[in-house]
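Enquirer: Predicted model follows, preceded by the sequence.
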Amino acid sequence: MDTETKRATYHSAAYVASGSAMMSFKPINAIHQHLCAFHCYSNDHTRHVEAHHYCTHRNRDFHQCVIYDSDEANARLIGIEYIVTEEVFKELPEEEKKYWHSHKYEVESGLLQLQVKSGVPAVATDAAEQPAMLELQRTYGKTIHTWAYDVHPDLPLGPPNLMMSYPGDHFAPPEELVRERDGKYGMDTAAKRKLRAEYLPPYGKVQSSDAWEQTGKAIVFEAVEKDIQTK
């Protein structure tokens with residue numbers, strides 16, 4: 001087989017199938033949860049993006065998620081999110097806390113939802129969500145997007161972006177964006193909000209979370225050239 005023919009097999013279905021049969025995907029296979037929500041840019045709360053989190057739990061206090069822009073097979077891989085419990089968040093240095101956001105409003109408002117396969121009854125989804133939402137209500141996330149697909153849909157250009165969530169109705173994503181998401185995946189954010197009000201306990205987030213609400217300042221990542229250390 002000549003070089004060009006060999007190279008062409010790299011994108012063939014047969015090559016992909018052989019790779020799936022020969023290789024291990026243990027970290028990916030550990031993913032057991034799909035959460036759908038929205039993120040906004042830390043310094044631009046007029047830009048909102050749909051975010052599909054595929055998560056695994058390293059332990060009871062720490063979850064890690066890879067984030068895509070949809071649930072399609074060819075979805076863009078746009079970022080990551082680390083999720084910690086309130087107990088871990090409280091112990092973070094104050095400067096570090098600026099990178100993190102609370103999940104209280106996302107959960108209580110119904111914006112954050114488990115995304116299940118089509119055909120799963122709503123009553124089953126609601127039952128599966130309750131343990132997850134009771135846990136996530138009291139957690140905090142650090143989210144970094146490496147692909148600003150709302151500006152650069154074809155390639156992940158530029159530096160990464162720190163992303164934030166929403167602390168209240170006054171900062172929520174546009175209603176039309178939420179309606180579009182709900183219609184696409186058979187969700188009902190308003191109904192989730194009403195249902196969760198019946199089983200979620202009152203919770204006051206850690207005072208030092210979502211620091212930008214008090215300061216009006218955001219953390220951004222900017223590319224800076226520095227001398228390379230070789231010794």
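Expert: Arrived safely, thanks for sending.

Enquirer: Do a quick rundown of the helices in the chain.
Expert: Applying DSSP state H to the chain gives helices spanning 3-8, 13-22, 26-29, 86-90, 94-97, 104-109, 122-136, 175-185, 189-199, 212-215.

Enquirer: closest one to Cys55 among those?
Expert: Cys55 lies closest to helix 122-136 among the helices of the chain, at 9.8 Å (CB to CB). Where you see a C-beta, it was placed from the backbone N, CA and C, and this is true even at glycine.

Enquirer: Quick check: mean pLDDT of the closest one?
Expert: On average, the pLDDT along helix 122-136 is 95.

Enquirer: Now do the contacts for His145.
Expert: 39, 49, 67, 78-79, 160-161, 163 (CB atoms under 8 Å, 6 or more residues apart in numbering).

Enquirer: let me fix that: Ile144
Expert: By CB under 8 Å, 6+ apart, the contact list for Ile144 reads 79-81, 160-163, 221.

Enquirer: Pick out the most distant pair among these.
Expert: Glu81 and Phe221 (15.5 Å).

Enquirer: out of the two, which sits in the more crowded spot?
Expert: Taking neighbours as other CB atoms under 10 Å, Glu81 and Phe221 compare with Glu81 leading, 23 against 12.

Enquirer: tell me the pLDDT at Tyr10?
Expert: At Tyr10, the model reports a pLDDT of 88.

Enquirer: and stretch 92-106, how far apart are its ends?
Expert: 22 Å (CA to CA, to the nearest Å).

Enquirer: in that stretch, what's buried?
Expert: 92, 97-106 (16 or more other CB atoms under 10 Å).

Enquirer: Can you pull up the most central residue in the chain?
Expert: In the chain, the residue lying closest to the centroid (CA atoms, centre = their mean) is His53, at 4.3 Å.

Enquirer: ok, now which ones touch that one?
Expert: Neighbour list for His53: 33-37, 65-67, 81 [criterion: CB under 8 Å, 6+ apart].

Enquirer: which parts of the least confident helix or strand in the chain by mean pLDDT are buried?
Expert: Scoring the helices and strands of the chain by mean pLDDT, DSSP states H and E places helix 3-8 at the bottom, with a mean of 84. Neighbour counts over helix 3-8 (16+ other CB under 10 Å) mark no residue as buried.

Enquirer: Over to stretch 40-58?
Expert: Using 16+ other CB under 10 Å as the test for burial, stretch 40-58 gives 40-42, 48-56.

Enquirer: from those, which ones fall inside strands?
Expert: The strands, defined by DSSP state E, take in 40-41, 48-56 from those.

Enquirer: Can you tell me which of the residues you listed is nearest Thr9?
Expert: Using CB to CB, those come closest to Thr9 at Tyr54, 28.8 Å.
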